[in-house]
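[1] any chance you can model this:
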Amino acid sequence: MIFRNFIQFVVYTNCWISVGAAALAAQYYLFFEQEVDYGFLFFLFFGTQLTYIFQRLVKLNHKNKHDSPRLRWMKRNPIISRFFLFLSLGGCLFLLFFFPPEILFFLAVLGFISFFYIRKFPGEKGKNLRDIPHLKIYLIAIVWAVSSSFLPAFLAEQEWNNNLILLFLANFLYIIAITIPFDIRDLHLDEREKQTIPQLLGVKKAKILAVILAAGAAVLLYVLNSNFVPALIAILGVTSALVLYSKPKHKDLYYSFGVDGLLPLQFVLLLLNFLLLS
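    Next up, the predicted model:
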C-alpha cells in the first residue's frame, strides 16, 4: 500500500513524466559527448511539470466529463497539486534568467502549443489543438522531439547537422510509438472526430505500427552511434512488450507509470552501455 501510494504521488504530481522529459533530453549529451547542461535539464523538468499540472487543472476547473484516477487524486489533494504548480513555475522563471534571450523564441512556440493544446482558442466555437483531427499525437511528438534535440543543441552552440536531425527524428518516432498506447487506453473516451491512430487502424494494427516506429527510432539511434546496440535491443524489447500488452481495460498506472517509465529506462540503459564502453 505504501509503495502504491508513493507511485501515485510521483505520477500524479507529474514528477515521473518530468523525469522522463529530462531523461530524453539527457540522451543528447550522451550521443554527442557534450558537457551536460544541468540547468537546462532542470528547466525541462519544471517546464514539463508546469505544463501537465496546468492542463489537468484546466480539466478540473471545466468539470471535464472524462473522470480519471489522476483527476480524482488531484481533487483529493488540491494543496499538493497547487504546491507543485507554483514550485514548477518558480523553477522555470528562476532558470530562465540563465539562458540566452534567443531561446525565448523556441520556448514561446512550444509554450503556445502547450497552452492551446488544452485551452480553446477565443471564439464562440473555439477548439483546442488536441481536438483537431489527426493532430494530437504529432503535436506531442514535435514538442518532445524539439525539446530533447534542437533546444540542448542550441544552448550548446552546436552547428545543425545530419546527426542532430537523426536524433530529432528518432525521438519523434519514439514518442509517437509510446503515445499510441495512451490512445488505446482512451479509445472509449476520445470522440470519434479526433481520429486517433487506434480509431483509424484498430487496436491490433495500432500496436504493430507502434512497434515498427519504435524499431525505426532504434535504427536511427544505431546510425547515430553503433556502440549502443545492446541498450537499443533491450529498449526495443521492453517497449514492444509494453506496447503489445496495452489494453483499454488496464489500470491508469500501467500507462502513466509503466509506459511513461520507458523514457527514464531508455536513458539508464544507454548510460550503462556508455559507461561499459568507457
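[2] what about the helices in the stretch 1-150 of the chain?
    Secondary structure of the stretch 1-150 of the chain (DSSP state H, counting those that start in this stretch): helices located at 2-12, 15-31, 38-61, 69-76, 78-96, 103-118, 136-148, 150-155.
[3] which one of these lies nearest to residue 263?
    Distance to residue 263, taken as CB to CB, is lowest for helix 15-31 among the helices of the stretch 1-150 of the chain, at 3.2 Å. C-beta here means a position set from N, CA and C on the backbone, and glycine is covered the same way.
[4] name the helices or strands packed onto the closest one?
    Here helix 15-31 touches helix 2-12, helix 38-61, helix 136-148, helix 150-155, helix 162-185, helix 262-277, going by 3 or more CB pairs under 8 Å, 6 or more residues apart in numbering; DSSP states H and E.
[5] which of those sits most buried?
    helix 162-185 (a mean of 22; mean count of other CB atoms under 10 Å).
[6] restricting to C-alpha, output it in CSV.
    Output in CSV follows, covering the C-alpha atoms of helix 162-185 (Å, rounded to 0.1, in the frame of the first residue of the first chain):
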residue,chain,number,x,y,z
ASN,A,162,22.5,15.5,-40.1
ASN,A,163,23.3,13.8,-36.8
LEU,A,164,21.1,16.3,-35.0
ILE,A,165,18.3,15.7,-37.4
LEU,A,166,18.7,11.9,-36.9
LEU,A,167,18.3,12.4,-33.1
PHE,A,168,15.2,14.6,-33.7
LEU,A,169,13.6,12.0,-35.9
ALA,A,170,14.5,9.2,-33.6
ASN,A,171,12.9,11.0,-30.6
PHE,A,172,9.9,12.0,-32.8
LEU,A,173,9.2,8.4,-33.8
TYR,A,174,9.7,7.0,-30.3
ILE,A,175,7.3,9.5,-28.7
ILE,A,176,4.6,8.6,-31.2
ALA,A,177,5.3,4.9,-30.5
ILE,A,178,4.8,5.2,-26.8
THR,A,179,1.9,7.6,-27.1
ILE,A,180,-0.2,5.2,-29.1
PRO,A,181,-0.8,3.0,-26.0
PHE,A,182,-2.4,6.1,-24.3
ASP,A,183,-4.7,6.4,-27.3
ILE,A,184,-5.6,2.7,-26.9
ARG,A,185,-6.3,3.4,-23.2
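[7] lowest mean pLDDT across the helices of the stretch 1-150 of the chain, which one is that?
    Mean pLDDT is lowest for helix 103-118 among the helices of the stretch 1-150 of the chain, at a mean of 74.
[8] centre of the chain to that one, how far?
    15 Å (CA atoms, centre = their mean, to the nearest Å).
[9] can you check stretch 161-173 too?
    16 Å.
[10] contacts for that stretch, please.
    Where contact means CB atoms under 8 Å, 6 or more residues apart in numbering, the residues beyond stretch 161-173 that reach it are 24, 27-28, 31-32, 141-142, 144-146, 148-150, 153, 158, 213-214, 216-218, 220-221, 223-224.
[11] how does it look with 7 Å?
    24, 28, 31, 141-142, 144-145, 148-150, 153, 158, 213, 216-217, 220-221, 223-224 (CB atoms under 7 Å, 6 or more residues apart in numbering).
[12] do stretch 105-113 as well
    129, 139, 143, 146-147, 151, 154.
[13] now do stretch 13-30
    Applying CB under 7 Å, 6+ apart, the set of residues contacting stretch 13-30 is 10, 36, 41, 44-45, 48-49, 52-53, 80, 84, 144, 147-149, 152-153, 167, 171, 257, 260, 263-264, 267, 270-271, 274.
[14] how far off centre is that stretch?
    That offset, for stretch 13-30, works out to 8 Å (CA atoms, centre = their mean).
[15] same check on stretch 95-112?
    Distance of stretch 95-112 from the chain centroid (CA atoms, centre = their mean) equals 19 Å.
[16] and that stretch, end to end?
    19 Å (CA to CA, to the nearest Å).
[17] next, the buried residues of that stretch.
    Neighbour-count burial for stretch 95-112, counted by 16 or more other CB atoms under 10 Å, picks out 95-96, 99, 106-107, 110-111.
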